[in-house]
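Peer 1: Provided below are the primary sequence and the corresponding predicted coordinates.
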Amino acid sequence: MVSDPKRLLSRRLGLVISYGLAALAMIYLSYSLPHLLPGDFVTAMYSSSNVSLTADQEAQLRAYYTERPGFGHYLVNLITLDWGYSYAFLTPVSTLFFSALPWTLILLGTANVISMIIGFVSGVEAAWRRNSWLEKGMVGGMTVIEGIPEISTGVILLVVFALNLQWFPAAGAETAYADVSFWARLADICYHLSLPLATLVLAYFPGNFLLTRNSMMMVIKEPFVTTARAKGLPAWRVRYFHAARNALLPLVTRFGLRLAFMITGALVVETIFSYPGLGTLLFNAIQARDLPLIQAIVLVSSLMVLTTILGLEMVYRIIDPRIEHVY
Amino acid sequence: MSINADRTFFRDPWFVAGLSLSIFFAVMTLLGPELAPFDPRDISFTPISPPSARHLLGINDGGQDIFSELLFAVRNTASFGLLSGIIALALGIIVGLIAGWFRGLVDMILMRIADVLLAIPAIMILVLTAALFRPSPWILALILSGLMWPSISKAIRAQTLTLRESLHVRSATQIGASNFYIIRRHLLPEMFPLYLIGFAAKTRIAMFMEASLAFLGLLDPSRKSLGMMISYALKYYYMDIWWNWLLPPVVCLSLLIMAVTFLAISLEKVLDPRLKQSLGA
């Protein structure tokens, strides 16, 4: 069997290399694609403005904007956070990016933690009560919710709770210009977070529920669970300390694979609720055809996803040594 | 992995629900242009009028008939999803079979490429290409399927590795059957259930991506799409239009994705032998 540390190391190295290649491919795409564009920036920017350029100015501007930095130079700029200026906001792209990033992290982070906890606990309980009416109803309900995309959930929640009932704010992440204490501000942020958070939780937790339930169903049949029950342990102990620990693994291992897909939903949900995260920034950049901003958001967020997935791969190889045999 | 199961399928309510929804949308997709009372690009009506006998769902802000718009939008979103699902499936089958059957260096190279593609968030590539080049949606569907095949091909490769050790494949090799013959006669048909599962899962993702891209305003605005209809209707939320303009595309999109989800879940339940036991179906 594969307990040879050298082979383990080479497998891990292979993983790092393929993720490194993926990152390089992304960076190279983002470096080379804009140069394939037809037309040029000077015409796009000045042809419809009131500024009239002399031939000399135009030639100089054109020379400036068509100057191609090498790929090495591009990499250095990327690492030193020198991502150029936004055409639409007339601010450095990195400033815009880092002012939006925390909101996205708060939203995605809480949504994932909450949906994992709810999905896991309800999945374990459902599997424990298998073939009961409660379990069948739960599975049915979750399958239906799993079928509703984030766009629809978001729009429905927005129309019902923000626009008609007016219980929750329809846009933003906090009340603008409010000068309040720390705790009041925190409450305000949570209040604004509630609708987008609910949308994402509704989108994520049915998947977690179904996954946990399915793997729990298999674990429950294992002999060690019967042994634990035969020893006379309380049911909740058997459920969570013996069976559920093993059912937790697929939840962690699938997370990385689903992350790349989850980003799509987060983009849309932020836009629906005008939540000032990366999704809304990207939406605004698209509306204004602000290419440097679009490029930076696309590239940096993909790199962040890549690092997260790589980190997870490393972690769950430690949690579950059986994974090593699969590859 | 045999399909002994037409009866099992029709006893599963999810399969029946998914199938009926799919048939409903298939009719809507195929007959959409004939059913639509007006050209969805015709802007000659009074903007933002409520529904009437002539215009079942009223008129949008651009003076277009919303019902006709909806029919075309369902057609576009569904065909985008189906196209990228089919191409991703075809790529996944080819790569998975080649990697699993020939093994060795070919396998290693193909699977490393698959790993690289699996890690890249597809939506980001689509946003970048759509924002820079504004390509036709078909090109985007092609790009998407080029990014989605790895998970299908990994499943197929794993199954091929098991199958090539099975008795009938080994005896076929002994008799002297060629690689191509074995792949075509034995491997290709035997993994049919895997294709259905993979196809349903990918189609679902592709439809969701199309709706999101259109919602973000990255697709051609003259091409109707459910995501675009939602994003335009949302701009007029303060008027009383939510039930005739906002709700229909939201419901259609949900039902469309639900149809594929139900089919995917039920196929996985009935056809995946590991699950079948534990579910006691």
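Peer 2: Great, that's in hand.
Peer 1: What are the boundaries of the helices in the chain?
Peer 2: All of this refers to chain A. Ranges of helices within chain A are A:5-32, A:41-46, A:55-66, A:71-79, A:93-128, A:133-147, A:150-157, A:182-220, A:223-230, A:235-237, A:244-272, A:278-287, A:291-319, A:323-326, based on DSSP state H.
Peer 1: that's the other chain; I wanted chain B
Peer 2: Listed in chain order, the helices found in chain B under DSSP H are B:6-11, B:13-35, B:66-102, B:104-119, B:122-133, B:137-163, B:167-175, B:179-182, B:188-190, B:192-215, B:226-234, B:247-271, B:273-279.
Peer 1: Of all the helices of chain A, which one is nearest B:I93?
Peer 2: Counting by CB to CB, B:I93 lies closest to helix A:244-272 out of these; the figure is 20.0 Å. No exception for glycine: its C-beta is placed from N, CA and C like everyone else's.
Peer 1: Quick check: buried residues in that closest one?
Peer 2: For helix A:244-272, burial by neighbour count (16 or more other CB atoms under 10 Å in any protein chain shown) applies to A:244, A:246-251, A:253-256, A:259-260, A:262-272.
Peer 1: same thing with stretch A:87-104?
Peer 2: Of all the residues in stretch A:87-104, those buried under the rule 16+ other CB under 10 Å are A:Y87, A:A88, A:F89, A:P92, A:V93, A:S94, A:L96, A:F97, A:A100, A:L101, A:W103, A:T104.
Peer 1: cool, stretch B:76-95 as well?
Peer 2: Residues of stretch B:76-95 classed as buried under the neighbour-count rule (16+ other CB under 10 Å) are B:76-89, B:91-93, B:95.
Peer 1: now swap in stretch B:51-67 and tell me
Peer 2: Neighbour counts over stretch B:51-67 (16+ other CB under 10 Å) mark B:H55, B:L57, B:G58, B:I59, B:N60, B:Q64, B:D65, B:I66, B:F67 as buried.
Peer 1: wouldn't the second one be in contact with B:I66 here?
Peer 2: Yes: using CB atoms under 8 Å, B:L57 and B:I66 qualify as a contacting pair, with a distance of 3.9 Å.
Peer 1: what do the two both touch?
Peer 2: Any residue near both B:L57 and B:I66 by CB atoms under 8 Å, 6 or more residues apart in numbering or on different chains counts here, and that gives B:N244, B:W245, B:P248.
Peer 1: Next, format those as CSV and append pLDDT.
Peer 2: Supplementary listing: those in CSV, determined by pLDDT from 0 to 100:
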residue, pLDDT
B:N244, 79
B:W245, 81
B:P248, 86
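Peer 1: who wins for neighbours among those?
Peer 2: Using other CB atoms under 10 Å in any protein chain shown as the neighbour definition, the shared contacts of B:L57 and B:I66 reach their maximum at B:W245, which records 27 neighbours.
Peer 1: contacting residues around that one?
Peer 2: The contact partners of B:W245, by CB under 8 Å, 6+ apart, come to B:L57, B:G58, B:N60, B:I66, B:M229, B:A233, B:Y236.
Peer 1: Kindly report the same for A:R229.
Peer 2: With contacts defined as CB under 8 Å, 6+ apart, A:R229 is in contact with A:A235, A:V238.
Peer 1: Chain A contacts on the stretch 1-150 of chain B?
Peer 2: In this structure, the stretch 1-150 of chain B approaches chain A at residues B:14, B:112, B:115-125, B:127-129, B:131-133, judged by CB under 8 Å from any CB of the partner chain.
Peer 1: Quick one: low-confidence residue ranges for chain B.
Peer 2: Counting by pLDDT under 70, chain B has low-confidence residues at B:1-8, B:272-281.
Peer 1: residues contacting the most centrally placed residue in chain A?
Peer 2: Among the residues of chain A, the smallest C-alpha distance to the mean C-alpha position (CA atoms, centre = their mean) belongs to A:I263, namely 3.9 Å. Each residue near A:I263 by CB under 8 Å, 6+ apart is listed here: A:S301, A:V305, B:P121, B:I123, B:M124.
Peer 1: and if you look at A:F89?
Peer 2: Listed by CB under 8 Å, 6+ apart, the contact set of A:F89 reads A:L96, A:D290, A:L293.
Peer 1: Next one: it from chain B, what distance?
Peer 2: In this structure, A:F89 and chain B are 16 Å apart, going by CB to the nearest CB, to the nearest Å.
Peer 1: For chain A, give me its nearest residue in chain B.
Peer 2: Distances from chain B to chain A, computed as CB to the nearest CB, single out B:M258 as the nearest residue at 3.1 Å.
Peer 1: Would you check that that residue makes contact with B:S20?
Peer 2: No: taking contacts as CB under 8 Å, B:M258 lies outside contact range of B:S20: 11.2 Å.
Peer 1: ok and the residue in chain A nearest chain B?
Peer 2: Of the residues in chain A, the one nearest chain B is A:G147, at a distance of 3.1 Å by CB to the nearest CB.
Peer 1: interface residues of the stretch 201-327 of chain A facing chain B?
Peer 2: Taking CB under 8 Å from any CB, the part of the stretch 201-327 of chain A that reaches chain B is made up of A:210, A:214, A:217-218, A:221, A:257, A:259-261, A:263-265, A:267-268, A:271-272, A:282-283, A:286-287, A:289, A:291, A:294-295, A:298-299, A:301-302, A:305-306, A:309-310.
Peer 1: at 7 Å instead, please
Peer 2: Among all residues of the stretch 201-327 of chain A, those adjacent to chain B (criterion: CB under 7 Å from any CB of the partner chain) are A:214, A:217-218, A:221, A:260-261, A:263-264, A:267-268, A:271, A:283, A:286-287, A:291, A:294-295, A:298, A:301-302, A:305-306, A:309.
Peer 1: just the stretch 51-200 of chain A next, same as before
Peer 2: Taking CB under 7 Å from any CB as the test, the list of the stretch 51-200 of chain A residues beside chain B reads A:T143, A:V144, A:E146, A:G147, A:I148, A:P149, A:I151, A:S152, A:V155, A:I156, A:V159, A:L163.
Peer 1: Could you tell me how many residues sit around the nearest residue to the last one once chain neighbours are set aside?
Peer 2: Beyond its immediate neighbours in the sequence, the residue positioned closest to A:L163 (CB to CB, 6 or more residues apart in numbering or on different chains) is B:Y237, lying 5.6 Å away. Burial measure for B:Y237: 17 neighbouring residues, criterion other CB under 10 Å.
Peer 1: Many thanks, have a good one.
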